[in-house]
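Trainee: I'd like to go over a predicted model; first the sequence, then the structure.
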Amino acid sequence: MSNLAIHIHNLDFQYPQQSGVHFSGLNMEVANGERFGLFGPNGAGKTTLMSLMTGLLEAQQGSIELAGYRVGKQKGEVNKRFGFVPQDFSFYHELSPSENLEFFGAWSGLSKVQISKRTNELLQVLGLTEVRHKPVQHFSGGMKRRVNLAIGVMHQPEILFLDEPTVGVDVQTRYAIIAYLKELNLKGTTLVYTSHQLSEAQDLCNHIALIDEGRIIAQGKTEELLAKYNKPDLEALFIHLTGKAYRN
């Protein structure tokens with residue numbers, strides 16, 4: 001069994017008929033069990049790269065493997081092994097948390113017994129038990145974020161992709177979500193996370209990659225990169241490597 005959760009080799013990608021972000025010969029590795037952060041300015045390619053890793057976009061050249069399985073070539077095996085918590089809410093607003101989890105659990109291939117057990121576990125740990133039968137459309141932003149997270153981990157994936165999982169939430173909800181992600185990681189889940197909340201990122205991530213204009217400009221253990229560039233925190237490192245100019 002490979003010790004790599006993710007292996008990207010000589011990846012090329014560009015949106016058709018667009019001059020924006022593109023990747024050329026990109027290489028990146030994420031080891032099993034890492035809490036890996038992917039950071040960069042707006043338009044740097046973070047969400048595009050995450051979409052490529054999850055198979056939502058298809059690379060023109062090169063390869064991406066998740067847990068040793070080729071994205072785009074071994075779809076069934078790949079899909080079993082990762083979960084995705086997107087920045088946009090990805091659930092049925094008119095349904096309750098229980099109904100959403102039942103639907104996505106079935107879609108993931110879980111049995112009725114597994115769905116029932118997992119739904120109860122997640123609603124309890126994410127503080128949604130009391131509202132389990134209420135339509136999600138009436139929830140606060142923080143509660144919706146927790147439903148989004150529950151759906152992403154319903155099938156207990158080996159690798160969890162998180163695109164701005166705490167955007168727009170209060171401090172208490174952010175703290176609870178980060179604590180839960182750390183708990184998942186301790187149990188073996190590899191986290192791949194992107195956010196503009198760099199203080200949160202520094203608390204969560206033990207390895208990072210900074211990307212800009214489709215290139216990795218720094219990668220390694222968080223503390224080692226801070227020491228290398230003599231910066232006190234990720235925000236200072238980010239500004240040092242990507243500049244202070246406005247980004248579109």
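Mentor: Looks like it arrived, so ask away. From a predicted model like this one, the values you see are computed outputs, not experimental measurements.

Trainee: Now tell me what touches the top helix by length along the chain from outside.
Mentor: If you go by DSSP state H, the chain has its longest helix at helix 171-186. The contact list for helix 171-186 (C-beta atoms under 8 Å, 6 or more residues apart in numbering) reads 33, 35, 125-127, 142, 145-146, 149, 153, 160, 162, 165-166, 169, 191, 193, 197, 200, 203-204. Just so you know, the C-beta spots here come from the backbone N, C-alpha and C atoms, and that holds for glycine as well.

Trainee: What subset of these is buried?
Mentor: 33, 35, 126, 142, 145-146, 149, 153, 160, 162, 165-166, 169, 191, 193, 197, 200, 204 (16 or more other C-beta atoms under 10 Å).

Trainee: Helices of this structure, start to end?
Mentor: 46-53, 75-81, 97-107, 112-125, 141-152, 171-186, 198-204, 222-228, 234-242.

Trainee: what stretches of this protein score poorly on pLDDT?
Mentor: Under the criterion pLDDT under 70, the flagged ranges of the chain are 1-2, 19-21, 244-248.

Trainee: Neighbours of the nearest residue to D203 once chain neighbours are set aside, how many?
Mentor: Of all residues not flanking D203 in the chain, I178 sits nearest, at 6.5 Å (C-beta to C-beta, 6 or more residues apart in numbering). Per other C-beta atoms under 10 Å, the neighbour tally for I178 reads 18.

Trainee: Then the one 3 residues further on?
Mentor: Residue crowding around L181 was assessed by other C-beta under 10 Å; the count is 22.

Trainee: Quick check: it vs H9, distance?
Mentor: Distance, L181 to H9, by C-beta to C-beta, to the nearest Å: 27 Å.

Trainee: same thing with N148?
Mentor: N148 is 31 Å from H9, where distance means C-beta to C-beta.

Trainee: Please compare the two by neighbour count and tell me which comes out ahead.
Mentor: The neighbour comparison of N148 against H9 (other C-beta under 10 Å) goes to N148, with 22 against 14.

Trainee: Distance of S111 relative to L123?
Mentor: 18 Å.

Trainee: what about E130, how many neighbours?
Mentor: Per other C-beta under 10 Å, the neighbour tally for E130 reads 8.

Trainee: ugh, wrong one, I meant Q137
Mentor: The number of residues packed near Q137 is 12, by other C-beta under 10 Å.

Trainee: I'd guessed it sits against H93; true?
Mentor: Yes - checked against C-beta atoms under 8 Å, the pair Q137 and H93 is within contact range at 4.0 Å.

Trainee: give me every residue that touches E58.
Mentor: Neighbour list for E58: 52, 72 [criterion: C-beta under 8 Å, 6+ apart].
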